[in-house]
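Undergrad: Pasting the sequence and the predicted coordinates here, then a few questions.
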Amino acid sequence: MSQDSIDLLKVLAATVLVFAAGTLVMLYVIYLLSQYGADLPMIGSLPLTAPPEMVPLLANTQLFATLAAAHVTAMGLALLLTSQTIDMALLITSKAVAVVITALIGFAGGHMIYLQLNERTALNLQALTPALIALVAFLVLSSVLSIPSFRQLGNLRFVVAIGLILIGPMLLLWL
């Protein structure tokens, strides 16, 4: 495992922990404000708890599948061209989307912990399955299936490029 991959995993671990803790603290602050500051303007209108349906709604969107399909198609186009700037942009994008998905998972985890502690709601990790699949996909796109690894194939990269351009739209159907 390269140092770059290890650094990305460290960032992802820190992100999930920070967002889970931040969400938990935020929800408890909302709870405390609603309990002890309900008569104050604007504070009384804060929701006591976020609706439990929010987590599956956020985690189950097709946004990540659409981004993955567009990313794969863009990778195919980038392989047909020779541009280090485009290669770097795609690599950074795949890593950034992985971090955003991890932040969402951290938020969902913090929200689930809050509901477990306050309402004894069962932890339902099934709602996070689409987000976890998308996270794995973007981690693969930022490491094993990144543009630099395809560039090492020489002229075979053109065949891979055409394959990626064709696979991109198919991902919208599969995911």
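TA: Here it is on my side, so go on.

Undergrad: Would you mind giving the secondary structure of residue 154?
TA: Following DSSP: H, G, I helix; E, B strand; the rest coil, the label given to residue 154 is coil.

Undergrad: Point out the other helices and strands that the strand or helix carrying residue 13 packs with.
TA: Using DSSP states H and E, residue 13 sits in helix 3-36. When contacts are defined as 3 or more Cβ pairs under 8 Å, 6 or more residues apart in numbering; DSSP states H and E, helix 3-36 sits against helix 84-119. The C-beta positions use only the backbone N, C-alpha and C, and glycine is treated the same way.

Undergrad: What score does the spatially most central residue of the chain have for pLDDT?
TA: Residue closest to the average C-alpha location in the chain (Cα atoms, centre = their mean): residue 101, at 1.3 Å. Looking at residue 101, its pLDDT reads 90.

Undergrad: can you pull the contacts of it?
TA: Neighbouring residues of residue 101 by Cβ atoms under 8 Å, 6 or more residues apart in numbering: 64, 131, 134, 135, 138.

Undergrad: Would you mark the buried spots in the helix holding residue 13?
TA: The neighbour-count check on helix 3-36 (16 or more other Cβ atoms under 10 Å) flags 8, 12, 15-16, 19-20, 23-24, 27, 30-31, 33-34 as buried.
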